[in-house]
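> Sequence plus the predicted model coming up.
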Amino acid sequence: MLLAVASFLCLLEVGARFAAPYLDRDRGHIHDFPRIAEDLSQGEHPQILFLGNSLTLHGLDKEIVKTELNDLGIGQPTIDWAVPVGTDVTDWIYIFEQYFEEENEVPDIIIVGFVRHHARDHKPTKRLRRLGRHFLSFADIEECFEHDVLTFEDRAEVLLSTLSAVYGDQPNYRETVLGELLPGFWGAEKRFNHSMEQLQEASNQGKNAPQPTFTRIRRLAQKFKESDCLGIFVAMPLPEPWDTDPEVEAAVLSEGMVYVDARKLESLTAEDFPDGYHMGERAKELYSHFIAKEIANQIKKKN
């Protein structure tokens, strides 16, 4: 009986690992990171990686950036991105470590797009199972448990997710089934998650809320510096004005990286954000031209 149960669990685990890249667009994208890192490292210089989340996914046209850089005399750069939905600075640290730094495939330039809550230290991190399952290598567990995941329960969740695809990807099986059964589920979930982020940020602004800290953004900038990579940290536009944390700029600059304020791109209005959060087509085009010029300026300064 025990042998039958163990065999079933093994088959389930093998099936889960096989199915993982096909669960949703996000999981397929994550499983493509090794190919992205290898292609970048073998491509023409400058090798440029955009690291972020859905703000970059919806707000950037890679072809516009590539064409603009060529027009500005930068040649034929190699450009790609790692932009899983709902990620923040904690995830970006371990994405960079596992897929780029540890594989000795660090690009020349990494552009990190963020808004306020993405750059703050959140305790605990938002999606522990995805962190353990997809972003955290065994070599990085000690660092993660020392700095980022601090309670026994959270550490257990991360460790189980690192060991088991069934456990680590379980929330996505549920979401996939609900998405198929309930029309409009994905849009409703996106709006709900955005609302929860806004509520969390409002709560963090309360009188009794602890002051935010910024150790993780400094660690990410430091890792770029140690890898001889230029990091460009971009405060991205939203439909409503938002105040930056001066500690983020200070942390980035202290490690010799670049801070760019793109919050108020000329002529953007709330109508350029169709879902109230992500950039639409016109905003995407404006932002892509803007960031290409910023990249070109930094390359020319470096040379």
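Yep, it's here.

> got any ranges where the stretch 51-200 of the chain has weak pLDDT?
126, 165-200 (pLDDT under 70).

> at 50 what do you get?
177-182, 185-186 (pLDDT under 50).

> So which residues of it form helices?
54-59, 62-71, 89-96, 128-130, 141-147, 152-163, 165-168, 170-181, 185-204 (DSSP state H, counting those that start in this stretch).

> quick one: the strands in the protein?
Taking DSSP state E, the strands of the chain run over residues 47-51, 78-82, 109-114, 230-235, 258-261.

> Let me know the angle separating the first one from helix 89-96.
To tie it back to what came earlier, the one meant is strand 47-51. Orientation of strand 47-51 against helix 89-96 (axes from the mean of the first three to the mean of the last three Cα atoms, to 10 degrees) gives an angle of 150 degrees.

> which secondary structure elements does strand 47-51 contact?
Under the contact definition 3 or more Cβ pairs under 8 Å, 6 or more residues apart in numbering; DSSP states H and E, strand 47-51 sits against helix 33-42, strand 78-82, helix 89-96, strand 109-114. To be clear about C-beta, it is placed using only N, CA and C from the backbone, and glycine gets the same treatment.

> Would you reformat those as TSV and include distance to Val158 and mean neighbour count?
As requested, the helices and strands packed on strand 47-51 are arranged in TSV below (distance: least, Cβ to Cβ, whole Å; neighbours: other Cβ atoms under 10 Å):
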stretch	distance to Val158	mean neighbour count
helix 33-42	19	16
strand 78-82	20	21
helix 89-96	11	25
strand 109-114	23	25
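
> could I get these as a markdown table with distance to Glu266?
Output for the helices and strands packed on strand 47-51, formatted as a markdown table (distance: least, Cβ to Cβ, whole Å):
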| stretch | distance to Glu266 |
| --- | --- |
| helix 33-42 | 31 |
| strand 78-82 | 24 |
| helix 89-96 | 28 |
| strand 109-114 | 18 |
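
> out of those, which comes closest to Arg130?
helix 89-96 (7.8 Å; Cβ to Cβ).

> for the record, mean pLDDT for stretch 270-281?
The pLDDT scores in stretch 270-281 average 92.

> So what would you say the end-to-end distance of it is?
13 Å (Cα to Cα, to the nearest Å).

> Please identify the buried residues of it?
Using 16 or more other Cβ atoms under 10 Å as the test for burial, stretch 270-281 gives 272-273, 277-279.

> what's the farthest-apart pair in those residues?
The largest separation in those, counting by Cβ to Cβ, is between Asp272 and Tyr277 at 11.5 Å.

> Give me the common contacts of the two.
Here Asp272 and Tyr277 have Pro239 as joint contacts, going by Cβ atoms under 8 Å, 6 or more residues apart in numbering.
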